[in-house]
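Colleague: fold the following, please.
(chains A and B)
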Number of protein chains: 2
Amino acid sequence: MAELQATWIEWLNSRKSSSLEELLTFLRIPSISTADAHIEDVLKAAQWVAEKLTTAHLENVDIVPTGVHACVYADWLHAPGKPTVLIYGHFDVQPADPLELWESPPFEPVIKDGCIVARGASDMKANVLLSILAVESMLATIGSLPVNVKFLLEGQEEIGSRDLGPFVSANIDRLACDIVLTPDGGQWSADTPAMLMGTKGMCALQIDIETASMDLHSGMYGGAVPNALHAFAELVASFHDKDGQILVDGFFDQVVSLTEKDREEILRVPFDAADYQSQIGIDALVGEPNYSTYERAWSRPTLEINGLWGGYQGDGVKTVIPAQAHAKVTCRLVAGQEPEDVLACLTQHIHKHSPLGARVTVSPLQGTARAYRMPADNAAVEAVASVLETHYGRPPYYIGIGGTLPIMDMFLQDLNAYTIDCGFSLDDEKIHSPNEFTRIANFERGAEVYGHFFERLGQFESGKFKP
Amino acid sequence: MAELQATWIEWLNSRKSSSLEELLTFLRIPSISTADAHIEDVLKAAQWVAEKLTTAHLENVDIVPTGVHACVYADWLHAPGKPTVLIYGHFDVQPADPLELWESPPFEPVIKDGCIVARGASDMKANVLLSILAVESMLATIGSLPVNVKFLLEGQEEIGSRDLGPFVSANIDRLACDIVLTPDGGQWSADTPAMLMGTKGMCALQIDIETASMDLHSGMYGGAVPNALHAFAELVASFHDKDGQILVDGFFDQVVSLTEKDREEILRVPFDAADYQSQIGIDALVGEPNYSTYERAWSRPTLEINGLWGGYQGDGVKTVIPAQAHAKVTCRLVAGQEPEDVLACLTQHIHKHSPLGARVTVSPLQGTARAYRMPADNAAVEAVASVLETHYGRPPYYIGIGGTLPIMDMFLQDLNAYTIDCGFSLDDEKIHSPNEFTRIANFERGAEVYGHFFERLGQFESGKFKP
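Modeller: Numbers count the residues shown, from 1 in each chain, chains lettered A, B, ... in the order given. This is a model prediction of the structure:
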């Protein structure tokens, strides 16, 4: 067994130069999914990926038309009784604008100080390729994999994966798996790994308040008629208590509480309050009592006013009693919360707390999404974490984000499979910005780590990773 | 005595036609004080008024340069021991725009259905002239007045009386009086008189809140950092309790409470809640508990948010945590309140109630003014009211306005004299609008009523009307 491992690792080591060349070729394709002018380039990237999967000895390689950009499917399913791992990634990239800020052309990769500078280098062509190389190294040497593997690589992640949902829904048997593994993520730091355990969901609404049929003169009506901004202050202030606790009835009903293990893992992530505050220029850490900042940001639902306006906004004084005011509200949701149910709770709260004389309209806005959270004690999580600990010499941090990645919830709903997000990018690699780059060492490390993931996951029987 | 009264009243009656001609001549002067092009016309109006005062047998008639437009002074001071009445008014008018909406040219008065249509007819050339005619009728028949009279007529009321304050301050002996009487006001209705008992003062400020050095992404920081709009909601909500009671420490300290008589008089003014609400499209009457709507609007200090804005105001959703927000606040003040002291209380309240993490800046804005209120049991008020009751067959309503008329406070501060505001316009006479008009019957009635005022006030010794 030790000899066989050495063999696929040796294969990877002996091919470093040619693998890097493959990555440079991949990076030269300007697969900007948002630009009509690059539709052919996104298809070229799909074709390049399909060809690479074929070279890597994957089977059933298929370029599948899905709306504006195709996705690519491939599999290797000869490990009966073993888990099936679905590897998800994308081969499209963000636009390169503003071009004048690039030190070298975005689609002419340059190697510099151990890094490759190019659009898509960090997000996520290197990460896609290293996952394929991991499979190839084993199939080329051992001739088999310790697990069943399926690839689902798409070409429209950067424009919201809008045609992926229908494709997954329509191909549940084809995509059936025990666990999704995606390298579309990053390490905590150069020497510390990380696993993304949760993303938040979202719901959004607009509140419009009208208190009179016209703005009124405060010299005639001041103190005697409703003021739309007073009404808003009262309503908005009713959402939280002074300590930051959300007071909306039913808001927390569906929340799946953090386990002790979850909380321990979040507390283990280094947090420097002074540094955090000074980076964004805030004077205080606030939020739900009895939770840490990372717990608040990653694991607790939030209710934020994103905009509020009414009355006079110009210079000097205008003695008007505003008759209308407006606010935008978004909630970041956590696992268990149904956006529609939260919207219903909010709407009920708003109407219940509408001040006297306020005509209140609540309009849900686009952008709902469910949250995603993976339990830290899932066997696949523990398996992946143990590989990372062995490889880096320290365990990964279990991190969350407050943002929304609907794809993870989609896999959970449609395929009944958790998604383990573990990639090799670093925060400083300028993704979506000029001079994006990736570190060659991490690209090489990632392929080997993914091979070890397959080995470790292959020690389990199929079914052990399911929710 | 009855015969003498008949005599000056007969004089007025016999001169109706020529007095009306005088008014038309006065109205033909386009004395628009805000327009440079009409500086000569405002001076012409001053000269016309001075000539009329001379014709009316007043003495010491003087056109006094005061900044951009002159004012006119005159007096008759031969009633030793009797009160001195200072009659205040203005001979300037608002611009006539939009001209195309006038049915006849604004400075070519037209008589129609018992009314005179012209700019300045209602505000306030008819009212100025009737006060002069009252004096003239007595001096022309009796040869004397029951009181001492001074006239102070200005040419820049419509542009804020900006040069009047320094003139009054510099001429305190010349303008010394027991009471100021101004016909720059209106009746309650065609058959019910009114007296303006109070105006409100004002102070204003802007509040700026900053919670971070930049807007933050709610997906990264939501629930964990201060939100400038949450801070504002909390701060604005702290200004009032849910019943509308202002909660600012010290805000009411200087307020001179309404007397029982004051409250009775306000309660006597007809108020139709349904009509009031439907006219301005409000669903509820709100405000300080235990006060009526007119008490709130006329006699209680107010704190209104005139504008508030921060964050995203566009279409759809932007998941931003606003780092900055702004609000405009004005307070309408009542008698006793010093604007500077109220600003200090507000500033203290704002800093005391600044939410955690909010960097708050308070900036006073221009526009402070003191309130004015005359006690209903002042002897001059009672005297004027009794004349009105006799003449109209019903007592006047004692009304207030929530707006600011700094001139009344100025007379009180500089001359230590109250101002009785009692004119003969009606609310429907389109002041400041196209097709302004006044009713000829009210013009004629006003001259006679003013004569009766002089008679009744002359029954008192000097000094009885002083604060």
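
Colleague: isn't residue A:248 up against residue A:239?
Modeller: Yes. Counting by C-beta atoms under 8 Å, residue A:248 touches residue A:239, with 6.5 Å between them. (C-beta placed from N, C-alpha, C; glycine too.)

Colleague: what is in contact with these two at once?
Modeller: A:303, A:349 (C-beta atoms under 8 Å, 6 or more residues apart in numbering or on different chains).

Colleague: ok so residue A:62 is a strand residue?
Modeller: Yes. Under DSSP: H, G, I helix; E, B strand; the rest coil, residue A:62 falls within a strand.

Colleague: what is the burial count for it?
Modeller: By other C-beta atoms under 10 Å in any protein chain shown, 14 other residues sit near residue A:62.

Colleague: now find how far off-centre stretch A:97-117 is within its chain.
Modeller: Centre-to-centre, stretch A:97-117 and its host chain are 25 Å apart (C-alpha atoms, centre = their mean, to the nearest Å).

Colleague: so the nearest residue to residue A:360 once chain neighbours are set aside versus chain B, what's the distance?
Modeller: Nearest residue to residue A:360, sequence neighbours excluded (C-beta to C-beta, 6 or more residues apart in numbering or on different chains): residue A:354, at 4.5 Å. Residue A:354 is 10 Å from chain B, where distance means C-beta to the nearest C-beta, to the nearest Å.

Colleague: equivalent analysis for residue A:16, please.
Modeller: From residue A:16 across to chain B, the span is 35 Å (C-beta to the nearest C-beta).

Colleague: what does residue A:146 give?
Modeller: 36 Å.

Colleague: in terms of contact, does residue A:435 touch residue A:117 like I think?
Modeller: Yes. Using C-beta under 8 Å, residue A:435 is in contact with residue A:117, at 5.8 Å.

Colleague: could you check which of the two is surrounded by more residues?
Modeller: The residue with more neighbours, out of residue A:435 and residue A:117, is residue A:117; 25 against 17, by other C-beta under 10 Å.

Colleague: list the contacts of the nearest residue to that one once chain neighbours are set aside.
Modeller: Among residues not flanking residue A:117 along the chain, residue A:437 sits closest, at 4.4 Å (C-beta to C-beta, 6+ apart). Residue A:437 is in contact with A:112, A:115, A:116, A:117, A:118, A:121, A:122, A:429, A:430, counting by C-beta under 8 Å, 6+ apart.

Colleague: tell me which element the residue sitting furthest away from the middle of chain A falls in.
Modeller: Distance from the C-alpha centroid of chain A, by C-alpha atoms, centre = their mean, peaks at residue A:220 (53.7 Å). Secondary-structure assignment from DSSP states H and E places residue A:220 in helix A:218-221.

Colleague: the helix or strand harbouring residue A:72 packs against which elements?
Modeller: Residue A:72 is part of strand A:71-76 when elements are defined by DSSP H and E. On a contact count with 3 or more C-beta pairs under 8 Å, 6 or more residues apart in numbering or on different chains; DSSP states H and E, strand A:71-76 meets helix A:39-55, strand A:59-64, strand A:148-154.

Colleague: now the angle between strand A:59-64 and it, please.
Modeller: 170 degrees (axes from the mean of the first three to the mean of the last three C-alpha atoms, to 10 degrees).

Colleague: quick one: mean pLDDT for strand A:71-76?
Modeller: Averaged over strand A:71-76, pLDDT sits at 98.

Colleague: helix or strand right after that strand?
Modeller: Sequence-wise, the next helix or strand downstream of strand A:71-76 (DSSP H and E) is strand A:84-90.

Colleague: check which residues of that next one are buried.
Modeller: By neighbour count on 16 or more other C-beta atoms under 10 Å in any protein chain shown, the buried set for strand A:84-90 is A:84, A:85, A:86, A:87, A:88, A:89, A:90.

Colleague: you'd agree residue A:206 is in a strand?
Modeller: Yes. When classified by three-state DSSP, residue A:206 is found to be part of a strand.

Colleague: which parts of the stretch 301-450 of chain A are helices?
Modeller: Counting by DSSP state H, counting those that start in this stretch, the stretch 301-450 of chain A has helices at residues A:339-352, A:379-392, A:406-415, A:440-457.

Colleague: those helices: lowest mean pLDDT?
Modeller: In terms of average pLDDT, helix A:406-415 trails the rest of the helices of the stretch 301-450 of chain A, at a mean of 93.

Colleague: can you give the contact residues for it?
Modeller: Around helix A:406-415, the neighbours that count as contacts under C-beta under 8 Å, 6+ apart are A:86, A:88, A:157, A:161, A:164-165, A:168-169, A:172, A:175-177, A:180, A:199, A:201, A:369-372, A:417-419, A:421, A:467.

Colleague: from those residues, keep the buried residues only.
Modeller: Going by neighbour count (16+ other C-beta under 10 Å), those have A:86, A:88, A:157, A:161, A:164, A:168, A:175, A:177, A:180, A:199, A:201, A:369-372, A:417-419, A:421 buried.

Colleague: in strands, which of those residues fall?
Modeller: A:86, A:88, A:180, A:199, A:201, A:369, A:372, A:418, A:419, A:421 (DSSP state E).

Colleague: quick one, what contacts the residue lying closest to residue A:359 once chain neighbours are set aside?
Modeller: Spatially, and ignoring its direct neighbours in sequence, residue A:359 is nearest to residue A:210 (4.5 Å; C-beta to C-beta, 6+ apart). If you count contacts by C-beta under 8 Å, 6+ apart, residue A:210 has them with A:228, A:323, A:324, A:358, A:359, A:361.

Colleague: over to residue A:452?
Modeller: In this structure, residue A:452 makes contact with A:387, A:390, A:391, judged by C-beta under 8 Å, 6+ apart.

Colleague: which of the residues you listed tops the neighbour count?
Modeller: Neighbour max across the contacts of residue A:452 (other C-beta under 10 Å) = residue A:387, 22 neighbours.

Colleague: could you measure from that one over to chain B?
Modeller: On the measure of C-beta to the nearest C-beta, residue A:387 and chain B end up 28 Å apart.

Colleague: again with residue A:368
Modeller: Separation of residue A:368 from chain B (C-beta to the nearest C-beta): 10 Å.

Colleague: quick one: contacts for the residue lying closest to that residue once chain neighbours are set aside?
Modeller: Spatial nearest neighbour of residue A:368, chain neighbours left out: residue A:339 (3.8 Å); criterion: C-beta to C-beta, 6+ apart. If a contact means C-beta under 8 Å, 6+ apart, then residue A:339 has A:201, A:202, A:203, A:333, A:368, A:369, A:370 as its contacts.

Colleague: all set now, cheers.
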